[in-house]
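J.: Just a sequence and a predicted model for now, questions to come.
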Amino acid sequence: MKTDLLLIPMGASYAEMRAAAVAAEAAGFDGIWTWDHLRDPERGAASSVPEVWTTLAALAEATRRVTLGPLVLNVGMRRPGLLANMAATLQQVSGGRLLLGLGSGGSRSTPYVVEQEAIGMPVEPDGVRAQRVAEACEVLRRLWAGEGGDFAGAHYRLARPEGFLRPDPPPPIVVGGFGPRMAEIAGRWADGFNTQARHPRLAELIAVAREAHARAGRDPARFLVTVFAGLADGWLSAGASPRKGLEALGVGRVILLVPPPYDLARIRAAGRLLPTPPEAP
């Protein structure tokens, strides 16, 4: 199981995020993620929030080994036709290190509704936003495969989409969610599913996603499960019970959240607890 860090962007500067990412790579972490938000819901204008895609592109130049990903992109913020080219470009810039996290965005019950409404983005019902995620996955795959035919879905359309940049290889798509509906969408349309490490129904959600993947005619053994939690020793050490529990469920990556100001000494110390990868034969 791989171990990643997520750099919470609320209140951070890019310089701080870059320093933390470089330290994490040197410490032995496998990946770097950040959130797709435009403002700090608690501090508003008193806080800075670097934009996710620009940050990841810059970190692709600042690092050499770690995977990079958004956890997760709100599909309502960027139409999938544009996102396909953005992802293909970042895959090229990073040398194939992108894991593309997608999600439905915040509902009206979350504090993030303010940032969406502030830029004129409607906050649709949960079911509609979930459908957009599934359809976005389909559009991305069509464009990445170079399919030139028209597409007319419930939310998105393509008209003779020829000549778009194609990533080599296409980045895996990881759909984030907290219930069976998003787990089902992840299994059917994506390559992976992300949810909370301490979700009370974690085993059930993983099973739902993998079963949907198998019904779609794809190999469930290749389906990627990622989970997130706070940075704590129990998720780092090979023999720790929390980590062993995730491994028993077949989780492929545990993503540990780190808030700013990022403690570089803590990141380095955490890296020393990581399991030593086996030597190549």
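T.: Arrived safely, thanks for sending.
J.: going forward, measure contacts between C-alpha atoms and count neighbours the same way
T.: Noted.
J.: right, and the helix or strand after the one helix or strand residue 61 maps to?
T.: Assigned by DSSP states H and E, residue 61 falls within helix 52-62. Using DSSP H and E, the next helix or strand after helix 52-62 towards the C-terminus is strand 67-70.
J.: what comes up buried for that following strand?
T.: For strand 67-70, the neighbour count (16 or more other CA atoms under 10 Å) marks 67-70 as buried.
J.: So in that sheet, which strands flank the helix or strand that comes right after it, and in what orientation?
T.: Counting by DSSP H and E, the next helix or strand C-terminal to strand 67-70 is strand 73-74. Strands that pair with strand 73-74, judged by DSSP bridges, come out as strand 100-103 (parallel).
J.: I'd like the distance from the helix or strand just after the partner strand to the chain centre, please.
T.: Proceeding N to C from strand 100-103, the next assigned helix or strand is helix 113-118, under DSSP H and E. In terms of CA atoms, centre = their mean, to the nearest Å, the centre of helix 113-118 is set 21 Å apart from its chain centre.
J.: what kind of secondary structure is residue 76 in?
T.: Under DSSP: H, G, I helix; E, B strand; the rest coil, the three-state class of residue 76 is coil.
J.: looking at it, residue 188 is touching residue 212, isn't it?
T.: Yes. Using CA atoms under 8 Å, residue 188 is in contact with residue 212, at 5.1 Å.
J.: which one of these two has more residues nearby?
T.: Neighbour count, other CA atoms under 10 Å: between residue 188 and residue 212, residue 188 has more, with 23 against 20.
J.: Give me the three-state assignment for the more buried one.
T.: Going by three-state DSSP: residue 188 is helix.
J.: And it, how far from residue 214?
T.: Noted for residue 188: a distance of 8 Å to residue 214, by CA to CA, to the nearest Å.
J.: any residues in contact with both of those two?
T.: Residues touching both residue 188 and residue 214 (CA atoms under 8 Å, 6 or more residues apart in numbering): none.
J.: Send me the worst-scoring helix or strand of the chain on mean pLDDT as CSV with only the CA atoms.
T.: Every helix and strand of the chain was ranked by mean pLDDT, DSSP states H and E. The lowest is helix 113-118, at a mean of 86. Output in CSV follows, covering the C-alpha atoms of helix 113-118 (Å, rounded to 0.1, in the frame of the first residue of the first chain):
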residue,chain,number,x,y,z
VAL,A,113,-21.7,26.3,-1.6
VAL,A,114,-20.6,30.0,-1.1
GLU,A,115,-17.7,29.7,-3.5
GLN,A,116,-19.8,28.0,-6.2
GLU,A,117,-22.6,30.6,-6.1
ALA,A,118,-20.1,33.5,-5.9
